[in-house]
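In: Fold the stuff below for me.
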Amino acid sequence: MTLKKLDLLSESQSVTILEEGDQLKLDYSRNQSIYALQTPLKFAVDVSNIYKPIQYLGAKHRPLPIILSKTLEAVQPDTYVLDMFSGSSVVSQVFNLNGLDVISNDALHFNSAFSNTLLNIERKVEDLQALPQIMGKLKSFKLKKEHSKPFEEKIIEEKKLLATKDTRELLNLYFSLPQINKVLFLNGSNTHQQTKYILKNIGQTAVGNCPLIANYYAGSYFSIEQALELDRLRNGIDELFVKKEISKWQFHFLLTCLLNVSSKIVYTAGKHFAQPIKQENILKTQVLHKRFYDDRLKNVWLEFLKSSEALTLVSEKNDKSRKNLAYSKTMEDIISSSSKLPPISVIYADPPYTAQQYSRYYHIPEIIFDYKYPQLQVVDNNPTSGLYPDNKFKSRFCSKRDAISAFEDLFKLAQELDSSLVISYSASLSEDTGNSRMIELYQIIDLGNKYLPICSSEVLKFDFQYRQLNTTKKIVQTKDDKEFLIVFKQPSK
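Out: This is a model prediction of the structure:
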């Protein structure tokens, strides 16, 4: 079995991609043995036209030209490309910019905001023109006084301590906040009115009610002022939509801006949301201490305006299709309703390959999007340090026991739809990488031979490295992971 895997890796062909300014291009002089294309520029990707809404682990960037070219080789006229695990929508955007009709799908709900916005779904001609007026309305929106007043003195004190950089007193202030995780087991002795209300209304909407973000994440992921401002904007966006003062596309546009801001200001390693940097570590290194103030001093509204301006510029260029669709479903849900899908000739799949669940790394964007009070997960009678909700989505692809059957279902869907299948795969080539794969490359090839026997297949290898989903102590410095593209192409019709 090991020999089979090593043979496969050595036989796969390497792909060279050049970065020239904003252009990502295939180096055809080195890649001629893989395939020949008439116009190299046809498959160049201009990354200045792509909007990266948040820092997304494993997001595809440098492989984009080869993913695009292989998809264009396989796609049939008047059909869709299904981006099954679309994440932050970067690959879906590239497909759309190159004239393909896209179904962008992801199990995490917040990612649908990105796809709806960046694929122009239900966008009207006047939607962009009206944004300056909408931003004015959002700026003037206010939370109910009874909801914001309990935080006012804390914010004044926080501002003073941030200005003087009195870190110890600032951490004491954060420690004193009556957050949900601190009052969870107080029962009748909890005297804090907002958290009492929240604990009685778990699973209910926070719109128009006690601020969610400030009561869960102030002082940890965000500053007090930042958290309350995120709450203000989230409520304002919802009110404008309910009152029909913004369109559905504008609703998703504004949520995309808000989630982008949350990613910029969050005080975590790598700007994901697995857990905040521990307070006891802030004073240990100059880097963490500087980052603490850099992040805490960012103004949410100004960052929101910057996000809106950048997203507007991209949206003005990104108007290639009126047929795109965005789903927020699990793969299993897609399969169960496959008879209702439009014609699909290519499925692009970039599922997770390690035991690390993406829902753990992005639980806060999910909560900001849904905006319902979450029940916190409790382990050994304590909320988790990451303040995770107890109902996080769990993918079968992240399980050694279930990954092969999950891939089988993916191949069966391609078989049922008579579709080509293009798979991104990240392999661990060293024995100890800190993140073992739930399925090996050769097992995927075997499944392709079983379920798509009429397809031609090829394996292309990139020499790219991606950030590991681990703490610093667990990262393996000698890690030699490789990125692959596996293509199962249906015969021409």
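
In: Pull up the distance across stretch 106-113, start to finish.
Out: Distance across stretch 106-113, first residue to last, is 11 Å (Cα to Cα, to the nearest Å).

In: mind listing what's buried in that stretch?
Out: Burial within stretch 106-113, assessed by neighbour count using 16 or more other Cβ atoms under 10 Å, is assigned to 106, 107, 108, 110, 111, 112, 113. For every residue, glycine as well, the C-beta is placed using N, CA and C.

In: do stretch 252-271 as well
Out: Neighbour-count burial for stretch 252-271 flags 252-268, 271 (criterion: 16+ other Cβ under 10 Å).

In: cool, stretch 401-412 as well?
Out: So for stretch 401-412, counting by 16+ other Cβ under 10 Å, buried means 403, 404, 406, 407, 410, 411, 412.

In: hang on, the last one packs against residue 450?
Out: The reference is to residue 412. No: using Cβ atoms under 8 Å, residue 412 makes no contact with residue 450, being 10.0 Å away.

In: Now for residue 197, how many residues are close by?
Out: Look at residue 197: counted by other Cβ atoms under 10 Å, it has 15 neighbours.

In: Give me the nearest residue to it, chain neighbours excluded.
Out: residue 210 (5.2 Å; Cβ to Cβ, 6 or more residues apart in numbering).

In: residue ranges for the strands of this structure, please.
Out: For the chain, the strands defined by DSSP state E cover 13-14, 17-20, 23-26, 45-46, 80-83, 101-105, 325-327, 344-349, 378-379, 382-383, 420-427, 456-462, 482-489.

In: Adjacent strands (with direction) for the fourth one?
Out: Strand 45-46 has the following strand partners under DSSP bridges: strand 23-26 (antiparallel).

In: Against residue 56, how distant is residue 458?
Out: 27 Å (Cβ to Cβ, to the nearest Å).

In: from memory residue 203 sits against residue 371, does it?
Out: No: Residue 203 sits out of contact with residue 371 when judged by Cβ under 8 Å, with a separation of 11.7 Å.

In: higher neighbour count, the two?
Out: residue 371 (18 against 9).

In: surely that one meets residue 205?
Out: Yes: if you go by Cβ under 8 Å, residue 371 and residue 205 touch, sitting 6.3 Å apart.

In: Can you pull out the low-pLDDT segments for the stretch 301-450 of the chain?
Out: Applying pLDDT under 70 to the stretch 301-450 of the chain flags residues 320, 428-434.

In: what are the ranges of the helices in it?
Out: With DSSP state H, counting those that start in this stretch as the criterion, the stretch 301-450 of the chain has helices at 331-336, 358-361, 363-370, 403-417, 441-451.

In: Out of the ones you listed, which gets nearest to residue 154?
Out: helix 363-370 (20.5 Å; Cβ to Cβ).

In: List the buried residues for that closest one?
Out: Neighbour-count burial for helix 363-370 flags 363, 364, 365, 366, 367, 368, 369 (criterion: 16+ other Cβ under 10 Å).

In: Return the residues in contact with the nearest residue to the fifth one once chain neighbours are set aside.
Out: Across the structure, with Cβ to Cβ, 6+ apart as the measure, the residue nearest residue 367 apart from its sequence neighbours is residue 374 (5.6 Å). If you count contacts by Cβ atoms under 8 Å, 6 or more residues apart in numbering, residue 374 has them with 202, 203, 216, 367, 389, 390, 391.

In: CA atoms only for stretch 271-288, dumped as CSV, please.
Out: These are the backbone C-alpha positions of stretch 271-288, laid out as CSV (Å, rounded to 0.1, in the frame of the first residue of the first chain):
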residue,chain,number,x,y,z
LYS,A,271,-6.9,35.9,12.0
HIS,A,272,-9.2,32.9,12.1
PHE,A,273,-11.5,32.4,15.0
ALA,A,274,-10.4,29.1,16.7
GLN,A,275,-9.7,30.9,20.0
PRO,A,276,-8.5,34.3,21.2
ILE,A,277,-4.9,34.7,22.2
LYS,A,278,-4.8,33.9,25.9
GLN,A,279,-4.7,37.0,28.1
GLU,A,280,-1.7,35.6,30.1
ASN,A,281,0.3,35.4,26.9
ILE,A,282,-0.2,39.0,25.8
LEU,A,283,2.6,40.4,28.0
LYS,A,284,5.0,37.5,27.2
THR,A,285,6.2,38.7,23.8
GLN,A,286,6.6,42.1,22.1
VAL,A,287,4.9,40.7,19.0
LEU,A,288,1.7,39.7,20.8
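
In: Just checking the distance from that stretch to the centre of its chain.
Out: Remark: stretch 271-288 is offset 21 Å from the chain centroid, using Cα atoms, centre = their mean, to the nearest Å.

In: Stretch 319-334 now?
Out: 15 Å.

In: Give the buried residues for it.
Out: Buried residues in stretch 319-334 (16+ other Cβ under 10 Å): 320, 321, 324, 325, 326, 327, 328, 329, 330, 331, 334.

In: Number of residues surrounding the nearest residue to the fourth one once chain neighbours are set aside?
Out: This points to residue 325. The shortest distance from residue 325 to any non-neighbouring residue, by Cβ to Cβ, 6+ apart, is to residue 103 (4.7 Å). For residue 103, the neighbour count with other Cβ under 10 Å is 24.

In: Correct me if wrong: residue 103 contacts residue 85.
Out: No: using Cβ under 8 Å, residue 103 makes no contact with residue 85, being 12.0 Å away.

In: would you list the buried residues of stretch 319-334 in JSON lines and tack on distance to residue 81?
Out: Converted to JSON lines, the buried residues of stretch 319-334 look like this (distance: Cβ to Cβ, whole Å):
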{"residue": "320", "distance to residue 81": "13"}
{"residue": "321", "distance to residue 81": "11"}
{"residue": "324", "distance to residue 81": "10"}
{"residue": "325", "distance to residue 81": "11"}
{"residue": "326", "distance to residue 81": "13"}
{"residue": "327", "distance to residue 81": "13"}
{"residue": "328", "distance to residue 81": "18"}
{"residue": "329", "distance to residue 81": "16"}
{"residue": "330", "distance to residue 81": "19"}
{"residue": "331", "distance to residue 81": "16"}
{"residue": "334", "distance to residue 81": "14"}
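
In: Of those residues, which is the nearest to residue 378?
Out: residue 330 (25.2 Å).

In: isn't that closest one right next to residue 107, touching?
Out: Yes: when contacts are counted by Cβ under 8 Å, residue 330 is listed as touching residue 107 (4.6 Å).

In: what do the two both touch?
Out: The contact lists of residue 330 and residue 107 share 393, 395, where a contact means Cβ under 8 Å, 6+ apart.

In: gap between stretch 435-445 and the chain center?
Out: That offset, for stretch 435-445, works out to 23 Å (Cα atoms, centre = their mean).

In: can you check stretch 180-187 too?
Out: With Cα atoms, centre = their mean, you get 30 Å for stretch 180-187.

In: List the buried residues in that stretch.
Out: Neighbour-count burial for stretch 180-187 [16+ other Cβ under 10 Å]: 180, 181, 183, 184.

In: In JSON lines: those, plus distance to residue 44 and pLDDT.
Out: Shown next, in JSON lines, are the buried residues of stretch 180-187 (distance: Cβ to Cβ, whole Å; pLDDT from 0 to 100):
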{"residue": "180", "distance to residue 44": "49", "pLDDT": "95"}
{"residue": "181", "distance to residue 44": "49", "pLDDT": "93"}
{"residue": "183", "distance to residue 44": "55", "pLDDT": "88"}
{"residue": "184", "distance to residue 44": "53", "pLDDT": "83"}
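
In: Break this protein into its domains for me.
Out: 2-66+73-120+324-350+406-489, 131-315 (automatic domain parsing).
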